[in-house]
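Student: here's my sequence, what's the structure:
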Amino acid sequence: MGGAIVLARVLADPQAGVSLDGESWNALIATARAERLLGTLAHRMRGVPTPGTVTATLADARAAAEHGRRAALWEAEMARRALAPLGCAVVLLKGTAFVAGGLLAGRGRSIGDLDILVPRGRLDAVEAALLAHGWEWVKPDAYDDAYYRRWMHELPPLIHRERDRMIDVHHTILPPTARPAPDAAALIGGSILLENGLRILSPADMIVHAAAHLIADGDLTGGLRNLWDIDQLCREFEESDPDFCLDVMEQAHVHGLSAEVARALRLAQQLFGTPLTAYDFPMHVRFDAVPSDRIFCRRLLARDGWGRGTRPLTRFAFYMRSHWLRMPPMLLARHLWIKWRRQSASSVPIRSS
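Tutor: Numbering: from 1, shown residues only. As a prediction, this is how the structure comes out:
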């Protein structure tokens, strides 16, 4: 049995880990590490009996996740201080948003870059403020810089010269060349103000964003973590709002992402048992599995017992799919041609005279 299947089962039901043998635990931990879900697994397994060496590994993972949580919040605070004089909305995204909002999805979550969403009309001012406060460009190459600014949904990535932490500044959640066109102004307008002046997306828009990133923008690398985010968000917000699934699908319709959000919810239900509610009014919503979900599950679970990627043809197909979704065919062909020529030129050996 692949490590990813075991990981999904134990995340959904931590008691399932009690019956695992040593080899299965090795596979589980290796896969969780590869999927950046080890901290999440460690949190889920708190209080569940585990072998001694596993207990120590999970304790270390919880400590590392707590350190990552504090570092993410501090980086968000540094960005807040840099951007506060601008007076524009700064919306935290992904893992930092979850921990800043105190959400279930943030418990044990691995957090990498700081992702923020700002109004497109303030990008120049935001860029200047960050550069003035110690951030600098990761991609100084002229072609990459121009490509990001013209075709992407974010500025070229920045890294702080002292703290070595990256920030991704988004002006929307999908590339402008992608087929869906989310309403970035509506995302910002519906966001929730935190006590420190930063903002997070509304609960429904958090799921729309996670689904867009997973289904409409990427090759499903790290997809189990995205699906787990969706599962946890649904479970938390459905407790206070029984019609939360309806809210999510209504927001998905607003942003032109109904099919992508529905698929993400179906996949979360199939892999984690996410509780979902079907509707006939005011809109028809069903979450029954469809045949094409199988290929997505096949990609999401493509890891062996060592945490290594398997099913190379499936992975490559989704890699090509991600580029196809991001760009029209002619733009994609031009981009790949330029990147290939530059790579080929850089690999030519230099001959001594």
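Student: helix or strand: which one has N26?
Tutor: Element membership for N26 (DSSP states H and E) is helix 22-34.
Student: render the CA-only coordinates of the helix or strand that that helix is followed by in CSV, please.
Tutor: Counting by DSSP H and E, the next helix or strand C-terminal to helix 22-34 is helix 38-44. Provided in CSV are the C-alpha atoms of helix 38-44 (Å, rounded to 0.1, in the frame of the first residue of the first chain):
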residue,chain,number,x,y,z
LEU,A,38,4.6,15.9,9.1
GLY,A,39,3.7,18.7,11.6
THR,A,40,0.1,18.2,10.8
LEU,A,41,0.4,14.5,11.4
ALA,A,42,2.2,15.1,14.6
HIS,A,43,-0.6,17.3,15.8
ARG,A,44,-3.3,14.8,14.8
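Student: same for the next helix or strand after helix 38-44, what does it pack against?
Tutor: Next along the chain after helix 38-44, taking DSSP H and E as the criterion, comes helix 52-83. Contacts defined by 3 or more Cβ pairs under 8 Å, 6 or more residues apart in numbering; DSSP states H and E place helix 52-83 against helix 22-34, helix 38-44, helix 94-100, strand 114-117, helix 123-132. Quick note: C-beta positions are derived from backbone N, CA and C, even for glycine.
Student: need the contact list for the spatially most central residue of the chain.
Tutor: With distances taken as Cα atoms, centre = their mean, the residue of the chain nearest its centroid is N226 (5.2 Å). When contacts are counted by Cβ atoms under 8 Å, 6 or more residues apart in numbering, N226 touches A210, H213, L214, A264.
Student: can you confirm the second one is in a helix?
Tutor: What it means is H213. Yes. The assignment for H213 by DSSP: H, G, I helix; E, B strand; the rest coil puts it in a helix.
Student: residue contacts, it?
Tutor: I173, N226.
Student: what pLDDT does it get?
Tutor: Per-residue pLDDT puts H213 at 92.
Student: sketch out the low-pLDDT regions of the stretch 101-250 of the chain for me.
Tutor: Applying pLDDT under 70 to the stretch 101-250 of the chain flags the ranges 139-140, 143.
Student: residue boundaries of the strands in it?
Tutor: Per DSSP state E, counting those that start in this stretch, the stretch 101-250 of the chain carries strands over the ranges 114-117, 135-137, 158-160, 166-170, 192-193, 199-200.
Student: quick one: those strands as TSV, columns for mean neighbour count too.
Tutor: As requested, the strands of the stretch 101-250 of the chain are exported to TSV (neighbours: other Cβ atoms under 10 Å):
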stretch	mean neighbour count
strand 114-117	25
strand 135-137	17
strand 158-160	19
strand 166-170	21
strand 192-193	13
strand 199-200	21
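Student: looking at those strands, which is nearest to G2?
Tutor: strand 114-117 (29.8 Å; Cβ to Cβ).
Student: now do that closest one: distance to the chain's middle.
Tutor: Chain-centre distance of strand 114-117: 11 Å, with Cα atoms, centre = their mean, to the nearest Å.
Student: related to what we said a few turns ago, how about the strands of the stretch 101-250 of the chain, which one is nearest R70?
Tutor: R70 lies closest to strand 114-117 among those, at 13.3 Å (Cβ to Cβ).
Student: which residues touch that closest one?
Tutor: Outside strand 114-117, the residues within contact range by Cβ under 8 Å, 6+ apart are 72, 75-76, 79, 90-94, 96, 165-173, 184, 187-188, 201.
Student: nearest residue to A252 in space, please, no chain neighbours.
Tutor: The shortest distance from A252 to any non-neighbouring residue, by Cβ to Cβ, 6 or more residues apart in numbering, is to V261 (3.7 Å).
Student: in this structure the one you found contacts M206, no?
Tutor: No. Look at V261 against M206 with Cβ atoms under 8 Å: they stay out of range, at 11.3 Å.
Student: thinking again about what came up before, my reading is that the residue nearest to A252 lies in a helix. Confirm?
Tutor: Yes. Applying three-state DSSP, one finds V261 inside a helix.
Student: so what's it up against?
Tutor: I207, V208, A211, A212, I215, V248, M249, A252.
Student: okay if I get those as TSV plus neighbour count and distance to A30?
Tutor: Converted to TSV, those look like this (neighbours: other Cβ atoms under 10 Å; distance: Cβ to Cβ, whole Å):
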residue	neighbour count	distance to A30
I207	29	29
V208	27	32
A211	29	27
A212	26	29
I215	22	26
V248	28	33
M249	23	36
A252	26	35
